[in-house]
Structure formats: structure tokens, C-alpha cells
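Q: sequence and predicted structure below; questions after.
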Amino acid sequence: MTLANSQSRQLADLYAEMAPHNLTPLWETMAQLVKPVPSSPAVTHFWSFDEARKFLLRAGDLISAEKAERRVLILENPGLAGMSAITPSVYAGLQLILPGEIAPAHRHSQSALRFVMEGSGAFTAVNGEKAIMHPFDLVLTPSWEWHDHGNPSGEPMIWLDGLDIPTVRLFDATFAEHLDEKVHPETAAPGASIATYGHNMRPMGGHSADYRPKDQPLFHYPHSVWRPALDAMAGHAAIDPHIGHALEFINPADGGAIMNTISAHVRFLPAGFETRARRSTDGTVFVVVEGNGTAVVGEREFNLGERDTFVVPSWNELRLQAKSDLVLFGFSDQVAQQKLGLFKELCS
Ligand code: GTQ
């Protein structure tokens, strides 16, 4: 037996003997653990809204929102089968609430955003204040705030849920509870938090409305507000060659991201505009709000239409081509990565 052979025999014996002691050799897995650049287990993927909607409406015939607690089809990344995740850190799903239904009040450690895809007049109530939802509104239900959903309108309502479920799972830090009543008692009239905190000002004096947490006063960012803001900004600012005209939604309490674990933005690409290639470490979920175009992600190419969703995993190169004026909504774990000192981007 050669020296090398005898050494590898002895190593194999060592591995076998220490395995029952739950000890494994780093040098066999080092290359998978500490990689020179990200190589996400998630893959890029595209979900047609019309296709997903058909399945969601079928589910609507078979199970009530109340029985389901939340009637949601999870957008599961094909590279993360069984993980209920669209990227390793972020969850996304399409939620349906039919006329007259309620989704009962609960709260949990997980933070959520809702981005309205279809319907008008349903609400998400957060700590007892309703946000009446309209297409392409953004509504937040931050960590540990009570929330219930209801639909007094006459039409089905569908929105995209974005949550930090996989992040909370990573930290093993989940708590959840149900309220005794199905619907949280009303604490403020619909629109009160926008009226109070939604204009780059904050209330002074003893009457200041403190029904909302001080560090998270605003939870409704209506399309009727953000869409004109995006146009106005596009009329004044030079376009970013890698992103287009983009505005991040912020928490007015500190000017930072909307929540501790999730960042969200909207962007506008004028007809004919093509972004230059960009990679970033925050795997990002995009929803098409308006227009047509193409997303080129590595070797894949997706034709974009209104309400379609696609995911670009960490460090995948993205180029966007706008056939018509194109408006996108996007969210990711960027804020969490920035706080942890991990976020990187590469613009070519
Ligand atoms: O509406 O509270 O898609 O708790 C997943 C978990 C939605 C919600 C989801 C949830 C919710």
C-alpha cells in the first residue's frame, strides 16, 4: 500500500469513528461553506399572474379564508423545494379574500408586507386601524402587530404577501398568537396614521396619536401617493443606468427601510430604456405594476406583463428592457444585510 493510500484509509477510519460523536472534518466541506462569491440555491423564476390567479380562485371555491386562516398560494422557489421560500431569506405568496370574508386577527414575530394585485375595498387592519386597499398599494404588518383582513367590497381581492418567514426561521425566533376576537376592536379611523404621519411631519403636543408604535408609525403607502411621486422624481433626476428611476419606501420615524428585515422600492423605466447589468446580494422579488418589457437574468429571459412576479436570486445578473413605460415594485432583505454588514452590489 502506498503512503497516500494508507493515509486516506486512516482518514476514512477517522471520519467513520468520529461520526457517532457528531464530529465532521471541515476540510471536506470548506469549499461549500466559504465560497468566493454567492451561488444561491435559489434559482430565477417567473410566475404569470393570470395562471396563478386561476389556481387561487379554485382554492377560493374549496376553502374559506377563515378556515384556512390565510388563503395563500406560496410562490415557492424551484431551487428551495419544501422550504416555503422564494429566496433563502424571504417568503412570498398570493392571498385571496372573497367578498364578505375575514381572515382572523393574529400577530407573529414575522414582518409582512402586502402589495395589492387586484380588487378594491378590502382592508388590512393593523393594531385596529384599517388600511382600505386599492391596486398596487403597499401595506405593512410589522413584527408583533395585530392584523386581520376583511373584504366588505363586492369583488375578490388578491394581494402579494412578502414576509421574512425564512429569516425568522434561521434565527429560531418565532412566536405567534391569536386574538380572542376574530377582528381587532377599532382603535383609529381608517386613514388616521397617514393623516398623522404621512406628510413628512409628526404630531406635537399631548394630543399626539400614540395608537401606533413610535418607531413604526406608518403602515399604508397608497399607489395614489407613490405613483405620482415616482413620476415627479423621474421629471427631475438623472436616470440611474443600472436601476432606472427608483424610490425606496421609508419608515418616517428614522428614514430607514420600511421594516427591520425587508426593504421595498418602486422603479420606473421609460419606454426603450435598458438597464446595464447589475448584481446584488439581496435576492429580489419583483412585481410588474405597469407596462411590458423583458427581464434578462443570467441565461434566462422573461417577458413581463402587468401583475407578473419574478425573482432574481443573490448575485444573479439582472438587465431590464422596457418595451413600453415600465413600472416595477421590488422587495428584498437588503436592510437586514446592510445591518449585518453583508450587502454588496456590482454594477457593470
Ligand atoms: O396575512 O398574516 O402569506 O401570517 C403568511 C403568513 C400571510 C398573514 C401569509 C401570514 C399571513
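A: That came in fine, so what should we check first? Since the structure is predicted, the reported quantities are computational estimates derived from the model, not experimental observations.
Q: can you map out the helices along the protein?
A: 3-18, 30-33, 49-62, 65-68, 165-170, 192-197, 223-234, 334-339 (DSSP state H).
Q: now those helices in JSON lines, with mean pLDDT, mean neighbour count and distance to Ser89?
A: Yep, even glycine has a C-beta here, placed from its N, CA and C like the rest. Listed next are the helices of the chain as JSON lines, based on pLDDT from 0 to 100; neighbours: other CB atoms under 10 Å; distance: least, CB to CB, whole Å:
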{"stretch": "helix 3-18", "mean pLDDT": "94", "mean neighbour count": "10", "distance to Ser89": "32"}
{"stretch": "helix 30-33", "mean pLDDT": "95", "mean neighbour count": "8", "distance to Ser89": "18"}
{"stretch": "helix 49-62", "mean pLDDT": "98", "mean neighbour count": "14", "distance to Ser89": "22"}
{"stretch": "helix 65-68", "mean pLDDT": "91", "mean neighbour count": "15", "distance to Ser89": "25"}
{"stretch": "helix 165-170", "mean pLDDT": "98", "mean neighbour count": "19", "distance to Ser89": "5"}
{"stretch": "helix 192-197", "mean pLDDT": "93", "mean neighbour count": "18", "distance to Ser89": "28"}
{"stretch": "helix 223-234", "mean pLDDT": "97", "mean neighbour count": "15", "distance to Ser89": "24"}
{"stretch": "helix 334-339", "mean pLDDT": "98", "mean neighbour count": "19", "distance to Ser89": "7"}
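Q: redo these as a markdown table? Include distance to Asp180.
A: A markdown table is the format used below for the helices of the chain (distance: least, CB to CB, whole Å):
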| stretch | distance to Asp180 |
| --- | --- |
| helix 3-18 | 52 |
| helix 30-33 | 47 |
| helix 49-62 | 27 |
| helix 65-68 | 15 |
| helix 165-170 | 24 |
| helix 192-197 | 24 |
| helix 223-234 | 34 |
| helix 334-339 | 33 |
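Q: closest to the ligand out of those helices?
A: Among those, the nearest to the ligand by CB to the nearest ligand atom is helix 165-170 (6.9 Å).
Q: tell me the helices and strands packed up against the closest one.
A: When contacts are defined as 3 or more CB pairs under 8 Å, 6 or more residues apart in numbering; DSSP states H and E, helix 165-170 packs onto no helix or strand at all.
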